[in-house]
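*Asks:* Build me a model:
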Amino acid sequence: MDRGEIAKYIAPCGLSCGNCLASPDSAIRAHAAELARLLGPNFSTYAKRLATMNPVFDHYPSFRTLLDFLALGSCTGCRAGGCLFGDCPIRGCILPRGHLFCADCPDFPCAIKGLPEKLERIWRASNQKIRELGAEAFFERVKDKPRYP
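*Replies:* Purely as a prediction, here's the structure:
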């Protein structure tokens, strides 16, 4: 897989978009869509009856709302302006510079502002690994790991 293809799965910050709950290509989306299909459109009727035996089914309407959201896979990725994080400062920095990853920038690591502390740690560590290993080896390392450890 070339760097351009890898950039569809790895964001400039180093997060694994390919494993994100909102990615149209993620296993999360595919499994959610399959579960929704298997439950069918009328399971809420059964959930009401099942709730008389187990109250956990009282929560089915909320579960179904979440399941339907997960099945959408509606994110277009940060490079196209669709990240769940919203107004990420990395996107505004890297796109005008023409780099695929922050690791490609001669100014990395920089003093980028506006990231939550945990995301900043992930950004630094991931891009350091991209710089050390290369994007291809980094992708191979993270492609099958859970996005939300």
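*Asks:* Which strands or helices does the lengthiest helix in the chain pack on?
*Replies:* Determined from DSSP state H, the single longest helix within the chain is helix 117-133. Judged by 3 or more C-beta pairs under 8 Å, 6 or more residues apart in numbering; DSSP states H and E, helix 117-133 is in contact with helix 135-142. Every residue, glycine included, has its C-beta placed from N, CA and C.
*Asks:* buried set for the helix it packs on?
*Replies:* For helix 135-142, a neighbour-count test (16 or more other C-beta atoms under 10 Å) marks 135, 138-139, 142 as buried.
*Asks:* about what we covered before: what mean pLDDT would you report for the longest helix of the chain?
*Replies:* The average of the pLDDT scores along helix 117-133 is 92.
*Asks:* got a list of what A111 touches?
*Replies:* By C-beta atoms under 8 Å, 6 or more residues apart in numbering, the contact list for A111 is empty.
*Asks:* Report the secondary structure state of it.
*Replies:* What DSSP: H, G, I helix; E, B strand; the rest coil gives for A111 is coil.
*Asks:* now the helices: where do they sit in this protein?
*Replies:* 3-9, 27-39, 43-51, 60-72, 89-97, 117-133, 135-142.
*Asks:* Tell me how far the fifth one lies from the chain's centre.
*Replies:* Read that as helix 89-97. Helix 89-97 has its average C-alpha position 19 Å from the chain's average C-alpha position, going by C-alpha atoms, centre = their mean, to the nearest Å.
*Asks:* going forward, begin numbering at 676 instead of 1
*Replies:* Right, with 676 as the first residue, what we last looked at is helix 764-772.
*Asks:* buried residues in that helix?
*Replies:* 765-766, 768-769.
*Asks:* C-alpha coordinates for it, PDB please?
*Replies:* The C-alpha trace of helix 764-772 is given here as PDB (Å, rounded to 0.1, in the frame of the first residue of the first chain):
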ATOM      1  CA  PRO A 764      -5.500  22.600  14.700                       C
ATOM      2  CA  ILE A 765      -3.500  19.900  12.900                       C
ATOM      3  CA  ARG A 766      -5.600  19.900   9.800                       C
ATOM      4  CA  GLY A 767      -5.200  23.700   9.500                       C
ATOM      5  CA  CYS A 768      -1.500  23.400   9.800                       C
ATOM      6  CA  ILE A 769      -0.600  20.300   7.700                       C
ATOM      7  CA  LEU A 770      -2.900  20.700   4.600                       C
ATOM      8  CA  PRO A 771      -1.400  24.100   3.500                       C
ATOM      9  CA  ARG A 772       2.100  22.600   3.900                       C
END
